Each structure stands twice: as C-alpha cells, then as structure tokens.
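Asker: Can you look at this prediction? I've put the sequence above it.
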Amino acid sequence: NYVTVGADTAQREYSGSASGLDGSGVTIAVVDSGVAAHPDLGSRLLAEVEIVGHEKGFADPYGHGTHVAGIIAGDGASSSDPSSFRKLNGIAPKANIVSVRVLDGKGSGRVSDVLSGIDWVLSHHDEYGIRVLNLSLGHPVEESSTTDPLCRAVEAVWKAGILVVAGAGNAGAEGSASIHSPGNDATILTVGASNNYQTSSRFDDILTSYSSRGPTLLDHVVKPDLVAPGNRTLSLRAAGSTLDEAYPSLRVKQGLFRDDPASSDQDSLYFQMSGSSMAAGVVSGMAALMLQANPSLTPDTLKARLMKSAEKRLAYDLFSEGAGFADLHAALGEEGTALSEALSPRVQWTEAGLVLEGAGTLWLQSSAFDLVSVYGPDPFRGTGSVWADSGIWSDSSSESSNVSGHSVIWGGGRKTSGSGGPSSTTPDSVIWGGGLKGSGNSSIGADSVIWGGGRKDSSSVSADSVIWGGGRKTTTDTTLGGDNNPPQI
C-alpha cells in the first residue's frame with residue numbers, strides 16, 4: 001500500500017523537507033477498538049481515551065484498531081533488522097496516533113459511545129494537534145444523514161478543521177445503495193476498498209466485490225468519494241486480542257519479510273485483514289502527508305484535491321469507484337483551493353437519466369474542480385442498472401426508521417431483516433466492528449480473510465453470523481475476482 005498509493009515517492013522526492021514526507025508533526029485520532037502498544041508505533045502513540053473498557057495502558061482487546069493505526073502510521077520497526085528484506089510500514093510512518101476506544105473486546109459497542117468518542121476528539125484536538133479523524137466503522141443507513149446523530153457529529157468535527165475519513169462499508173455484494181453511516185454524509189471523505197494484489201504496481205489494481213456502492217440510501221449522495229487499497233492488508237498485530245486468537249492463520253509469518261530459515265515459520269508482530277476499514281486507514285495516512293507538506297490545508301481542500309487527483313478507471317462507475325483510485329503523488333501536485341464546502345453531490349433520477357446537482361462546477365466558485373475533472377468523462381458511464389433500480393429511487397426506500405444515539409453500528413457488515421419492513425433499533429442494540437448478519441448457514445473458506453468486523457457471539461448476534469474475510473463470496477460475483485487471487489493473464 002505504501003508504494004501503491006505513492007507514499008514512497010513522497011518520502012524520496014518531496015522538496016519541501018530535507019527528509020521527505022513521513023507524517024511528522026501530524027496527529028490522527030483512531031476511533032475504534034483501541035490501539036495496543038507496538039514497537040512500530042513506539043512513543044508516537046500519544047494517548048488512549050477509554051470510552052469503553054478500563055485496562056491500564058494502551059490496549060486493543062479486539063485487535064481491529066491496532067491494525068488500522070499501523071496502516072496509518074506504523075514505521076516498520078519490527079521488520080527492519082539486518083535479516084529483513086521487506087519493511088512493513090504504514091503510509092505516514094512518523095505521524096502520531098491518539099486512540100479513542102469505543103468498541104469492546106468483541107468488536108461491538110453503542111452509537112452513544114462512538115458519539116462520546118467523537119466529542120472527546122472535538123474537545124481535545126488542539127491539545128494533541130489532531131488533524132485527521134479515522135472512523136473505520138459504521139452502521140446501515142436507516143434515516144437521512146440530516147438527522148442521523150453520527151452524521152451530525154462528524155460534521156461538527158469537520159467544521160472544527162479536522163478531516164474525517166470513514167470506510168464505505170463492506171456490503172458491496174448486496175449491490176447499490178449499500179454505503180454505511182457515517183460514510184453516507186455528504187460532508188466527509190468516504191473510502192471504498194480496492195485490491196492491489198499486494199504488489200507495488202497500480203496497473204493490476206481492481207475494485208473489490210465487497211466494497212459498498214452508492215448512491216446513498218434515502219439521500220442519494222454520490223459515494224464513495226474514492227477507493228484505496230484495502231484487500232489482504234498487512235499491518236500491526238495486537239497479540240492476544242480476540243481476532244488474533246480466533247484467526248491464528250492470519251498472523252504474518254516472519255519468512256514473509258525476513259531471511260532467516262530458523263524463524264521463517266514463526267509468527268511475527270503483523271496480521272492480515274481486508275475491508276474498507278483498511279482502505280480508510282490508507283487515506284488517513286495520505287492526508288497526514290499532505291498536511292505535513294501544507295499545514296494550512298482545510299478538510300474541504302484536502303477532500304477536493306484527493307478526489308480530483310484520483311486515477312479514473314473507466315471500467316467502473318462513480319457509484320463504485322467514486323472519483324477514482326487514490327494517488328498521493330498526484331494529490332500532492334494539486335493546487336486548487338476549496339472556496340466552499342466540498343460536499344459530495346447528490347444525484348437525481350429523471351426519466352431521461354441521472355443528473356448531478358450543480359453539474360457545472362462542484363463545490364467551488366472556480367473551474368478548478370468541475371464535474372469532468374473530479375469524476376472523469378461521462379460520469380454516469382455504466383450506471384444504467386442503478387437508474388433502473390426502483391428500489392433506490394422509489395418512495396418505499398424512504399420509509400421511516402427509528403434510530404437513536406444508542407443504536408447499532410456495524411463496522412463492516414450490514415444488518416439485514418427478514419421482515420422487509422421498516423427497521424427500528426433500541427437502546428440495547430449493538431455496534432459491530434464489522435461482520436455480516438444474515439440468514440442461512442455460513443462458513444469461512446480457506447481463501448477468506450478478516451475484514452475487521454464483528455465476531456459471532458451467542459449473546460449478541462445469531463449463531464449463523466460470521467466474519468467474512470476478503471468480502472462476501474457469492475456464485476454470481478465472479479467478474480472482478482478482487483477478493484482472491486489475480487486473474488491468469
């Protein structure tokens with residue numbers, strides 16, 4: 001991921017710093033399951049806020065937040081000895097991390113706890129120099145973003161000058177309108193997951209099948225905003241955590257990066273996961289490098305530059321890839337400034353086709369960020385099936401739901417209901433750090449990897465729930481193959 005998105009180039013070539021860009025001086029708040037102490041973070045793990053849990057010191061009982069933090073700011077210390085031939089570092093290896101723990105040891109929690117964590121970031125961002133908030137969690141959209149408490153909270157953070165980066169969700173196998181909250185909010189930066197096949201080249205990157213698609217339910221906002229590598233991502237392991245103990249096969253062996261036959265089969269301090277959670281971490285790290293290069297950048301300008309500079313892949317539509325595949329080198333070369341809020345545009349259905357709001361210029365009173373420059377030529381290419389999907393546009397999609405500040409968060413999967421009617425959550429509902437709740441018997445195959453999401457637990461989810469690794473594998477989803485091995489060419 002470090003090389004794929006161009007972070008290596010930023011480190012080597014940026015002329016504004018003698019040592020290149022590495023995230024120095026920038027702090028990212030990771031609101032998640034906690035961040036465990038790890039050699040690859042060292043003293044740059046500045047603080048832990050325990051909205052949930054009371055352990056002393058830095059801890060991540062679940063194992064998800066540590067992995068995300070490593071993608072953002074791991075420095076590869078555990079893969080840098082003389083025997084190592086590969087360094088497993090994050091995008092911004094000198095950035096600082098503040099851990100805000102809102103999910104418990106099972107990867108679950110309450111929206112009210114997430115709101116408390118976000119509020120803490122809002123109150124203490126000056127103290128720690130927090131410029132980016134990473135939210136690799138979310139819940140299915142059950143009401144408009146204008147009234148969703150989680151969306152309203154992230155907008156307040158954004159207005160305080162903090163870039164909010166959220167995962168799109170891992171419900172892409174369910175089709176369009178599968179973006180999760182708060183990723184459905186037009187203000188913030190929402191990231192879907194691509195598959196780089198663990199190579200440094202960008203040319204083989206494709207979209208994963210599990211990355212959630214837009215437009216957003218009810219509000220019809222174009223999401224995700226862009227995509228970044230998130231499949232089979234190697235990052236920090238929280239030894240002894242729930243995920244680490246449940247899936248020992250996903251521990252990275254030392255032989256993957258160290259030339260030492262005696263230890264090649266031993267577990268290292270790294271772990272493998274997949275999902276938009278990981279992709280969000282990549283973009284948070286990219287933003288840290290951009291802020292190091294230019295600390296005056298506002299969240300709106302950061303979002304605008306990242307979207308305009310993203311590589312457009314004409315094989316995908318704007319509801320799948322958003323503005324394209326994240327490209328840090330190109331983003332650092334952008335000079336446009338957002339003169340107003342960089343809101344993701346809403347899309348309207350007409351009998352003649354789909355229409356974007358403000359089709360002239362997006363966000364700005366400037367031609368620097370017009371429709372074509374952000375989304376590429378023919379933005380609605382390949383969206384005929386979305387236009388024809390009455391379930392997205394009909395009034396039935398906007399049936400009333402009841403979601404409160406204590407409702408559910410699914411950090412990766414999507415809550416489904418057998419009733420088909422309007423859904424309702426209660427103060428006793430749970431937040432899942434991921435996973436997919438569905439019906440029928442499910443199992444994890446040998447080629448599956450963990451998204452970072454929820455864990456089967458009889459006290460909180462039904463016995464048929466599972467953690468899906470590189471996305472939900474279905475018999476009908478065979479065109480992209482983005483979750484497994486690269487196609488034979």
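Answerer: Structure received. Numbers count the residues shown, from 1 in each chain.
Asker: where exactly do the strands run in the stretch 201-350 of the chain?
Answerer: Shown for the stretch 201-350 of the chain, the strands assigned by DSSP state E, counting those that start in this stretch span residues 206-207, 226-229, 233-236, 251-253, 267-273, 347-350.
Asker: Paired strands for the fourth one, with orientation please.
Answerer: For strand 251-253, the pairing partners within the sheet under DSSP bridges are strand 267-273 (antiparallel).
Asker: Compare the strands of the stretch 201-350 of the chain and say which comes out lowest on pLDDT.
Answerer: Across the strands of the stretch 201-350 of the chain, strand 347-350 has the smallest mean pLDDT, namely a mean of 81.
Asker: Which positions within the next helix or strand after it qualify as buried?
Answerer: Once strand 347-350 ends, the next helix or strand along the chain (criterion: DSSP states H and E) is strand 353-356. Residues of strand 353-356 classed as buried: Leu354, Leu356 (neighbour count, 16 or more other C-beta atoms under 10 Å). Quick note: C-beta positions are derived from backbone N, CA and C, even for glycine.
Asker: and for strand 353-356, what are the contacting residues?
Answerer: Val222, Pro345, Arg346, Val347, Gln348, Leu371, Pro379, Phe380, Thr383, Val386, Trp387 (C-beta atoms under 8 Å, 6 or more residues apart in numbering).
Asker: wait, the fourth one sits on Val222?
Answerer: Yes - contact status for Val347 versus Val222: in contact at 5.7 Å, counting by C-beta atoms under 8 Å.
Asker: Are there residues contacting both of those two? Which ones?
Answerer: Common neighbours of Val347 and Val222 (criterion: C-beta under 8 Å, 6+ apart): Pro215, Leu356.
Asker: Need the winner for burial among the strands of the stretch 201-350 of the chain.
Answerer: Across the strands of the stretch 201-350 of the chain, averaging neighbours per residue (mean count of other C-beta atoms under 10 Å) puts strand 226-229 on top, at a mean of 31.
Asker: quick one: low-confidence ranges for the stretch 301-450 of the chain?
Answerer: Scanning the stretch 301-450 of the chain with the threshold set as pLDDT under 70 gives 358-369, 384, 388, 390, 394-450.
Asker: Could I get the full set of helices for it?
Answerer: Using DSSP state H, counting those that start in this stretch, the helices of the stretch 301-450 of the chain run over 328-333, 371-375, 384-388, 390-393.
Asker: I'd like to know which of those is closest to Gly255.
Answerer: helix 328-333 (29.8 Å; C-beta to C-beta).
Asker: Please name every helix or strand in contact with the closest one.
Answerer: helix 7-13, helix 276-293, helix 299-309 (3 or more C-beta pairs under 8 Å, 6 or more residues apart in numbering; DSSP states H and E).
Asker: how far away is the residue nearest to Leu306 when sequence neighbours are not counted from Leu291?
Answerer: Computed as C-beta to C-beta, 6 or more residues apart in numbering, the closest residue to Leu306 that is not its neighbour in sequence is Ala331, at 5.2 Å. Computed as C-beta to C-beta, to the nearest Å, the Ala331 to Leu291 distance reads 12 Å.
Asker: Of the two, give the one with the bigger neighbour count.
Answerer: Remark: of Ala331 and Leu291, Ala331 carries more neighbours, 26 against 23, as counted by other C-beta atoms under 10 Å.
Asker: With distance to Ser99 added, can I get the helices and strands packed on helix 328-333 in JSON lines?
Answerer: What follows is the helices and strands packed on helix 328-333, written out as JSON lines (distance: least, C-beta to C-beta, whole Å):
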{"stretch": "helix 7-13", "distance to Ser99": "22"}
{"stretch": "helix 276-293", "distance to Ser99": "13"}
{"stretch": "helix 299-309", "distance to Ser99": "21"}
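Asker: Nearest approach to Ile179 belongs to which of those helices?
Answerer: Ile179 sits nearest to helix 276-293 of all the helices and strands packed on helix 328-333, at 9.6 Å, using C-beta to C-beta.
Asker: Next, the angle helix 299-309 makes with that closest one.
Answerer: Per axes from the mean of the first three to the mean of the last three C-alpha atoms, to 10 degrees, the angle that helix 276-293 makes with helix 299-309 is 110 degrees.
Asker: Check the offset of helix 276-293 from the chain's centre.
Answerer: Here helix 276-293 is found 10 Å from its chain centre; the criterion is C-alpha atoms, centre = their mean, to the nearest Å.
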